[in-house]
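K.L.:
okay, structure incoming, though there's no sequence with it:
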Ligand SMILES: C[S@@+](CC[C@H](N)C(=O)[O-])C[C@H]1O[C@@H](n2cnc3c(N)ncnc32)[C@H](O)[C@@H]1O
């Protein structure tokens, strides 16, 4: 007699299978893909451990597991990723927003809610799926205009689709860095999670990232700072007095370099702060005024 595929048995099998194929989070991946097929919450999988799967459910799940075994990001397979308080559509051509970047959103919101922060709009440079711009806009309501820029037309399409789905009026402007946003400035805050991975590190990245996510979103050049260098140069003329410059980057060394550039450019209080235990961090600085 063949053994029935219950939720528990399927999760145990998928865990082992995805582990063998190099997933760093095989159990979580399997659970997320199964909740997607069964339209359940993760908690329900545990409540319904002994539920047998129908043939069509099994077929659909095995298709998704095979995609994951080829290192396709789970968020691309699901077509969505939760970020801060919003859900964003994602897929090939756009970076999957990372939880670390929520710290940049929180830092920006804390600044923008200070009673003495300057009036005026916010800009997110290199918005990808719209993550930072839309999370800030969703949290602020109508309090301030938010605009976003993006060099990749594919990513800009995702950001626009996400803005529409969330009912947020955030223009997504295609072009280089702050250029297309200039008519909307000067800004109370310039925010960015730019590409900051060193080119020599790119070949060794996890294949889920290296082989699927856009290199325009990842590769920051020899020191990982090509985009950041140009953004630091461009920001002073685009900021209001007292405005915030806040960016994510990949290491303390990068952070110290960028903080030094900002200080040389006339910013005050430029400082790096680590995000959690990993190397990722933020640099924040204020334009004088
Ligand atoms: C690390 S991703 C961040 C995406 C999104 N902000 C997030 O946090 O999920 C960097 C983004 O910057 C965009 N980008 C790269 N160079 C750019 C440039 N010169 N001007 C505007 N956007 C750029 C990439 O296409 C990518 O979407």
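P.N.:
Thanks, I have it. These figures come from a predicted structure and were not determined experimentally.
K.L.:
please report the distance of residue 259 from residue 179.
P.N.:
Counting by CB to CB, to the nearest Å, the gap from residue 259 to residue 179 is 24 Å. In short, each C-beta sits where N, CA and C put it, glycine included.
K.L.:
what about these two, which has more around it?
P.N.:
Neighbours were counted for residue 259 and for residue 179 using other CB atoms under 10 Å; residue 259 has more, 20 against 14.
K.L.:
surely that one is within a helix?
P.N.:
Yes: under DSSP: H, G, I helix; E, B strand; the rest coil, residue 259 sits within a helix.
K.L.:
which parts of the stretch 51-200 of the chain sit against the ligand?
P.N.:
The stretch 51-200 of the chain has residues 95, 97, 101, 125-129, 131-132, 149-152, 155, 176-177, 193-195 near the ligand, with proximity defined as CB under 6 Å from any ligand atom.
K.L.:
now the residues you listed: which count as buried?
P.N.:
95, 97, 101, 125-129, 131-132, 149-152, 155, 177, 193-195 (16 or more other CB atoms under 10 Å).
K.L.:
in helices, which of those residues fall?
P.N.:
Of those, the ones assigned to helices by DSSP state H are 101, 131, 132, 155.
K.L.:
show me which pair in those residues is furthest apart.
P.N.:
Pairwise distances across those (CB to CB) peak at 14.4 Å, for the pair 101 and 155.
K.L.:
can you give me the helices in this structure?
P.N.:
Using DSSP H, helices in the chain cover 7-20, 26-38, 42-47, 55-69, 74-78, 101-112, 131-140, 153-166, 207-210, 226-234, 252-264.
K.L.:
adding distance to residue 275, write the ones you listed out as a markdown table.
P.N.:
As requested, those are exported to a markdown table (distance: least, CB to CB, whole Å):
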| stretch | distance to residue 275 |
| --- | --- |
| helix 7-20 | 27 |
| helix 26-38 | 21 |
| helix 42-47 | 25 |
| helix 55-69 | 27 |
| helix 74-78 | 20 |
| helix 101-112 | 5 |
| helix 131-140 | 14 |
| helix 153-166 | 23 |
| helix 207-210 | 18 |
| helix 226-234 | 16 |
| helix 252-264 | 10 |
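K.L.:
among those, which is the most enclosed?
P.N.:
Highest mean neighbour count among the helices of the chain (mean count of other CB atoms under 10 Å): helix 131-140, with a mean of 25.
K.L.:
for that one, name the packing helices and strands.
P.N.:
Helices and strands touching helix 131-140, by 3 or more CB pairs under 8 Å, 6 or more residues apart in numbering; DSSP states H and E, are strand 86-89, helix 101-112, strand 122-125, strand 146-150, helix 153-166, strand 187-192.
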